[in-house]
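K.L.:
what's the 3D shape of this:
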Amino acid sequence: MTLDYTESTPNFPWETLDTDIINWLSEDAGRGDITTDSLPIAGIQIEAYVLAKSDGVLAGGPVFLRILRKADPDLKLNNILPDSTPFHKGDILVSVTGDAAKLLRAERTALNLLNHLSGIATYTAKFVVYTAGTNAKIVDTRKTLPGLRALEKYAVRCGGGANHRSDLSAGVMLKDNHLAIVGAELEDAIRLLKKNVGHTVKIEVEVDDIDQVERAADAGADIIMLDNMTPDDGREAVQLVGDQVIIEASGGVTLETVRDWAESGVDIISVGLLTHSAPSANLSVEFRKVAE
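P.N.:
Numbers count the residues shown, from 1 in each chain. Reported below is the predicted structural model:
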């Protein structure tokens, strides 16, 4: 059975990704798959399916298929679970039929990415569960692998999280390094930014103590990021200026501390771990020969 499946995943840079896929496949192919090429495999039709070896949340199914289709344009899709779907050990997440030799050349590249993205979605979902019942939103950071940011941030959304700024052009974030370089006081830097970037751009300011929270709010910051502070600091910040600005917690947030942060009343909790430290999902690709 062939299903009509449209790869309509939002915000995927497909044109750029297609070039990346070709490069990824070329990297793994080297000068050719000498094992497959030395065996009578070409032309044999097989079913390849993704088997879950532990529980998790799926992310990257359309990309997995895109990679396989670059290797075998005649690939037939039998079944696929939608991204964001929770799965359990023993579930079959994707099933396709195609040429054995072509799929053998592509399945490792496709699986590596599927494991990585599903791992991010699974890890994000844990943070979301730990903050259930609060108003805090779990978001990612720019701590992503070069070239994979759009996919990794998509995986965060699959796990129920949200995205922080996509790149440096997506918003202002005033940090201590900026202040140290320009030699300006916090208030002066905020006023200068508001003047230069225009009224449509929000100003986020990183602070590391409560005194700076009040100063940033009074100077017109739209978002205040509490950098490597404590949940108790978060409670105090919310009491001081919570109605004026969005309060974000960032730095060192883990599954052990995220609930306390969420209950402090902060609006946003940004977690670098979601993308730079998520364990890979435990998925495998299995083959079985199609009966003639």
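K.L.:
Pretty sure S118 is one of the things E152 touches, is it not?
P.N.:
No - using Cβ atoms under 8 Å as the test, E152 is too far from S118 to be in contact (11.5 Å). To be clear about C-beta, it is placed using only N, CA and C from the backbone, and glycine gets the same treatment.
K.L.:
Tell me which of those two has more neighbours.
P.N.:
Comparing E152 with S118 by other Cβ atoms under 10 Å, the one with more neighbours is S118, at 30 against 24.
K.L.:
which residues touch the more buried one?
P.N.:
S118 is in contact with G56, V57, L58, A59, G60, A155, A281, L283, counting by Cβ atoms under 8 Å, 6 or more residues apart in numbering.
K.L.:
looking at it, the fifth one is touching T122, isn't it?
P.N.:
No - the pair G60 and T122 does not pass the contact test of Cβ under 8 Å, sitting 11.6 Å apart.
K.L.:
Assign I269 to helix, strand or coil.
P.N.:
Under DSSP: H, G, I helix; E, B strand; the rest coil, I269 falls in the strand class.
K.L.:
quick one, what contacts it?
P.N.:
If a contact means Cβ under 8 Å, 6+ apart, then I269 has 127, 131, 136-139, 248-250, 253, 258, 261-262 as its contacts.
K.L.:
May I ask which two of the contacts of S118 are separated the most?
P.N.:
Within these, two members stand farthest from each other by Cβ to Cβ: A155 and L283, at 13.6 Å.
K.L.:
Report how many residues lie close to the nearest residue to K289 once chain neighbours are set aside.
P.N.:
The shortest distance from K289 to any non-neighbouring residue, by Cβ to Cβ, 6 or more residues apart in numbering, is to I46 (5.5 Å). I46 has 20 neighbouring residues, counting by other Cβ under 10 Å.
K.L.:
And I46, how far from L192?
P.N.:
I46 is 62 Å from L192, where distance means Cβ to Cβ, to the nearest Å.
K.L.:
One more: V94?
P.N.:
The value you get for V94 to L192, if Cβ to Cβ is used, is 51 Å.
K.L.:
Those two: which has the busier surroundings?
P.N.:
The residue with more neighbours, out of V94 and L192, is V94; 23 against 13, by other Cβ under 10 Å.
K.L.:
hey, where'd the helices end up in the stretch 101-250 of the chain?
P.N.:
Here the stretch 101-250 of the chain has its helices, by DSSP state H, counting those that start in this stretch, at 149-158, 176-182, 186-197, 210-218, 231-241.
K.L.:
other SSEs contacting the fourth one?
P.N.:
Packed against helix 210-218, as judged by 3 or more Cβ pairs under 8 Å, 6 or more residues apart in numbering; DSSP states H and E, are the following elements: helix 186-197, strand 203-207, strand 223-227, helix 231-241.
K.L.:
can you tell which of these is closest to A217?
P.N.:
Minimum separation from A217 across the helices and strands packed on helix 210-218 (Cβ to Cβ) falls at helix 231-241, 4.0 Å.
K.L.:
picking up where we left off before, a markdown table for the helices of the stretch 101-250 of the chain, including distance to V50 and mean pLDDT?
P.N.:
Output for the helices of the stretch 101-250 of the chain, formatted as a markdown table (distance: least, Cβ to Cβ, whole Å; pLDDT from 0 to 100):
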| stretch | distance to V50 | mean pLDDT |
| --- | --- | --- |
| helix 149-158 | 15 | 95 |
| helix 176-182 | 43 | 90 |
| helix 186-197 | 45 | 93 |
| helix 210-218 | 47 | 95 |
| helix 231-241 | 39 | 96 |
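K.L.:
got TSV for those helices, with distance to H276 too?
P.N.:
Below are the helices of the stretch 101-250 of the chain laid out as TSV (distance: least, Cβ to Cβ, whole Å):
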stretch	distance to H276
helix 149-158	9
helix 176-182	20
helix 186-197	28
helix 210-218	26
helix 231-241	22
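K.L.:
So which of these is the most surrounded?
P.N.:
Of all these, helix 149-158 has the most neighbours on average by mean count of other Cβ atoms under 10 Å, namely a mean of 24.
K.L.:
returning to that earlier point: thinking the residue nearest to K289 is in contact with V96, fair?
P.N.:
No - between I46 and V96 there is no contact under Cβ under 8 Å: 9.2 Å.
K.L.:
and for those two, which residues touch both?
P.N.:
Residues touching both I46 and V96 (Cβ under 8 Å, 6+ apart): L103.
K.L.:
element containing I21, please.
P.N.:
Secondary structure from DSSP states H and E places I21 in helix 14-29.
K.L.:
contacting residues around that helix?
P.N.:
Helix 14-29 is contacted by residues 7, 63, 66-67, 70-71, 105-106, 108-109, 113, 147, 151 when judged by Cβ under 8 Å, 6+ apart.
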